[in-house]
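Asker: What follows is a predicted structure for the sequence shown.
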Amino acid sequence: MAVAIGLLMLSLAMPSLRGLFAEDRLRDRMRQFDEFVGKAATLARTTRKEVRLRWEPEGVRMVPEEPLDTDNSATVDGGDFFPFQKDEEFILSRVAARDPKAPWEWSFWPEGVREPVEVSYNSPGGSWSERFGALVPEPDVISVRVP
């Protein structure tokens, strides 16, 4: 009888445990993207040059508007590309762009200002959305959804 009750309790707890692990994976992917965004902001400030994040089919590329000096220690080591994993998408919404068909590029300026945008993430494991303000260092989490 005790084994049956234990199995019943375990079967009731499994969906919530799966949801908890799925939400952890979503938040981890959000953290990875936020770190990449932080690298772009840091690169723009330290090199005193505009940096853009450019969406490509395989991921997001960090592109300085002018070539960086080869001896500049502020370049990003191996962090200039954020690859998309299988079956996931990152959607950029340029909320301040005048042209609704503006290219999927996000600008970071040397003064520490960035273009305000919203980024949405979708995958079979769930979705999230964040709002990045022009001057606020941390994004606002709009939503996190686990299927």
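Answerer: Looks like it came in fine.
Asker: The protein: strands as residue ranges?
Answerer: Counting by DSSP state E, the segments of the chain that form strands are 51-56, 59-64, 81-83, 89-93, 105-108, 117-123, 126-132, 140-145.
Asker: nearest residue to residue 85 other than its sequence neighbours?
Answerer: residue 123 (7.6 Å; Cβ to Cβ, 6 or more residues apart in numbering). Every C-beta, even on glycine, is put in place using the N, C-alpha and C of the backbone.
Asker: Which strand residues bridge the one you found?
Answerer: residue 126 (DSSP bridges).
Asker: Please verify my assumption that it contacts residue 90.
Answerer: No - using Cβ atoms under 8 Å, residue 123 is not in contact with residue 90, being 9.7 Å away.
Asker: tell me which residues in stretch 49-64 are buried?
Answerer: Buried residues in stretch 49-64, counted by 16 or more other Cβ atoms under 10 Å: 49, 50, 51, 52, 53, 55, 60, 62, 64.
Asker: Centre of the chain to that stretch, how far?
Answerer: 13 Å (Cα atoms, centre = their mean, to the nearest Å).
Asker: how about that stretch as CSV, C-alpha atoms only?
Answerer: Backbone C-alpha positions of stretch 49-64 (Å, rounded to 0.1, in the frame of the first residue of the first chain) are rendered in CSV as follows:
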residue,chain,number,x,y,z
LYS,A,49,32.8,52.6,-31.8
GLU,A,50,29.3,51.6,-32.7
VAL,A,51,28.5,47.9,-32.5
ARG,A,52,25.6,46.2,-34.1
LEU,A,53,24.0,42.8,-33.5
ARG,A,54,23.0,41.5,-36.9
TRP,A,55,20.4,38.7,-37.2
GLU,A,56,21.5,35.9,-39.6
PRO,A,57,19.8,32.5,-40.4
GLU,A,58,22.3,30.7,-38.1
GLY,A,59,22.5,33.2,-35.3
VAL,A,60,23.3,36.7,-34.2
ARG,A,61,26.6,38.3,-35.3
MET,A,62,28.3,41.1,-33.4
VAL,A,63,29.6,43.6,-35.9
PRO,A,64,31.6,46.7,-35.1
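Asker: returning to what we had before: give the contact list for the residue nearest to residue 85.
Answerer: Applying Cβ atoms under 8 Å, 6 or more residues apart in numbering, one finds that residue 123 lies in contact with 26, 29, 85, 87, 88, 89.
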